[in-house]
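# model the following, please.
(one chain, ligands or ions: 1)
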Amino acid sequence: MSIYVLGISAQFHDAAAVLVRDGEIVAAAAEERFSRVKHDSGLPFRAARWCLAHEGITVGDLAHVVFHEKPLRKFERLLITQIQTFPKSIDAFRRTAFAWFPDKLWVRSSLAKGLKIDARKVIFSDHHLSHAASSFYTSPFSESAVLTVDGVGEWASTVLFDATEKGIERLAEVHFPHSIGLVYSAFTAYLGFQVNDGEAKVMGLASYGEPRYTDEVRRVLRSRGKDGFDVDLSYVTYHYSATKSFSSKLETLFGPARAPEGKLDVTTPEGRKYADIAASLQVVTEDAVVELANTLYERTGRENLCLAGGVALNSVINARLTTRTPFKRVFVHPAPGDDGCAAGAALWAYHEVEGGKRGPALTRPGLGASWSHEEIGKLLSDLETPKDELADEDTVIARAVDDLVEGKAVGWFHGRFEWGPRSLGHRSILADPRQPGMNDRINKKIKFREQFRPFAPAVLAGHESNYFELAPGTELLTPWMLGVTPVKEEAKSLLPATTHVDGSSRVQVVTENANPLFHRLLGAFGKATGHPVLLNTSFNLKGEPIVSSPLQALRTFYSSELDVLYLGRFRLPNTAIGRHFYA
Ligand SMILES: [Fe+2]
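Okay, the predicted model is just below:
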């Protein structure tokens, strides 16, 4: 009989539910995919119920429901920190009291009630252990060093682990308020972006700048050699304020903060200065993570490194780790942020509470919900949307290649939606990367986002070395679009729409096993053009979660200037009548 464990992460950002059967993730979804609230932090009951329904089981079949962290320890950290910083923390204290006393403290009973499960089946992992387990137990490694770096969990912000068949052993940790993730977020706010959402924008902006302010950034985030790092707390306020994360001293050091979400033009001196600060932050953050990884290597001697935690979304750093440390291979869980803690909590309990045998490594991104051809057909006939029903997948591929070669921007909706924050060929916007200006068009007219945001290329497996300078040992990052790599000199002019201003790309290498239909599409596009590479970006509008259902895909399609939508085997043109009814 199978052992089922349901993992839950919630209460900070990116709540998620993940179902593990015999050590393998069989269903996984962030709550935002159902609630449509970006980074939804509430208990993920919709995602949890969908996981059980997808597998055809009930809560009675679960060995455990595992929450990703220990709420009492987290509450203790909040109280102690706020008492230490009183009276500056009075507002944060008020917010803590309102959020925790009536709600967050009672996770066990809330989960038991919401899922209608015996409260004794609800158990608790530890935040960084959940991150570590998410990466190690989905990697192909039987033993590995594991580094988790994020904002903060209960007390820890960074933890060094050694993982073997016996389990995951904690070697060392850095405690809040000293946190690489929170410093990165404080600079994100200083640079005018939203914390816990704009960090990727800072990374994109960094490519436009020169790291002229590294000395200044190192005054905030200070290296402590083998002891890790610490933060000069006079520059930050996140330890006592719930609404502001940097102090006026940071503005004295760097100049006035950028107005939140104001226009940013990197061709002006002011815009370039912010880009230079972002570039400097990127360098200092990378050095700090490299230093931690080198320490971890010295302590473990392992060849493999698993990463998780929000900082592991920094794909530039991930791809440098095998070059700048002695580690031979690096793996990052495809959902390294707090959504991934749901996977890690379930995998930890399966292995270390239930004593289960290791499941297979994770190789496919499609772990979310799907809709059958009949379901999509019924929806479209109810809505009376203009469409072509294509005979088979061969026709889908042939028509899609024609559209892409003609320069159309294509909405691509197939199979189960992806686990993690990236679109990897199931809910994607696709375009021909050879066409100059395609990136500007998609930024301005389709996704309505900033001009400096880059787009990623997806390449047919086996052809990546024709275009990209992949560092040895980073092969396990590319299926998940979690490594930024230099584009070969001769390929830069071939792929103008996916080559970032600094000559890099966050490449996705697509295998037949990971996504058979997308693999076929890339192959056919390669036959037609000589280059099996497509621009692949997430199927959403700025500020919205990636689409999950066919109806959400229709709404997003008609709200943008996408040219054509492939909804399973249906091909829809972007018509005025559609825009009138669904946008
Ligand atoms: Fe985290």
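# the residue of the stretch 101-250 of the chain found nearest the ion: neighbouring residues, count only.
Residue nearest to the ion within the stretch 101-250 of the chain: D150 (3.6 Å; Cβ to the ion). C-beta here means a position set from N, CA and C on the backbone, and glycine is covered the same way. By the measure other Cβ atoms under 10 Å, the count of residues near D150 is 28.
# can you count the residues close to the residue nearest to it when sequence neighbours are not counted?
In this structure, D150 finds its nearest non-sequential neighbour in G309, 3.4 Å apart by Cβ to Cβ, 6 or more residues apart in numbering. Burial measure for G309: 31 neighbouring residues, criterion other Cβ under 10 Å.
# cool, and T268?
11.
# start at 26 instead
Taking 26 as the first residue, the last one we looked at is T293.
# how much space separates it from D39?
To D39, T293 is 34 Å away according to Cβ to Cβ, to the nearest Å.
# so which bits of the chain are right by the ion?
Contact residues, the chain versus the ion (Cβ under 5 Å from the ion): 175, 363.
# mark out where each domain of the chain begins and ends.
Split into domains by automatic domain parsing, the chain comes to 29-93+95-149+363-378, 200-357, 398-607.
# between the ones you listed, which gets nearest to V171?
domain 200-357 (4.5 Å; Cβ to Cβ).
# quick check: mean pLDDT of that closest one?
Mean per-residue pLDDT for domain 200-357: 94.
# got it, and stretch 372-388?
97.
# endpoints of that stretch, how far apart?
Chord length of stretch 372-388, first to last residue, is 16 Å (Cα to Cα, to the nearest Å).
# how about stretch 216-225?
12 Å.
# how about stretch 351-369?
26 Å.
# go on, stretch 477-492?
End-to-end distance (Cα to Cα), stretch 477-492: 22 Å.
# quick check: mean pLDDT of it?
Mean predicted confidence for stretch 477-492 is 93.
# please identify the buried residues of that stretch?
Neighbour counts over stretch 477-492 (16 or more other Cβ atoms under 10 Å) mark 477-486, 488-489, 492 as buried.
# which residues touch the spatially most central residue of the chain?
By Cα atoms, centre = their mean, the mean C-alpha position of the chain lies nearest to P446, the distance being 3.6 Å. By Cβ atoms under 8 Å, 6 or more residues apart in numbering, the contact list for P446 reads 338, 360, 362, 364, 563.
# what do you get for E276?
Contact analysis of E276 by Cβ under 8 Å, 6+ apart lists 215, 282.
# return the nearest residue of the stretch 426-575 of the chain with respect to the ion.
Taking Cβ to the ion, the stretch 426-575 of the chain has P446 as its residue nearest the ion, at 13.5 Å.
# got phi/psi on the closest residue to D413 other than its chain neighbours?
Leaving aside its chain neighbours, D413 sits nearest to R596 (4.5 Å; criterion: Cβ to Cβ, 6+ apart). With angles defined as degrees, to the nearest 10, R596 sits at phi -110, psi 120.
# give the contact list for the residue nearest to H38 when sequence neighbours are not counted.
Of all residues not flanking H38 in the chain, H64 sits nearest, at 4.4 Å (Cβ to Cβ, 6+ apart). Each residue near H64 by Cβ under 8 Å, 6+ apart is listed here: 38-39, 57, 221-222.
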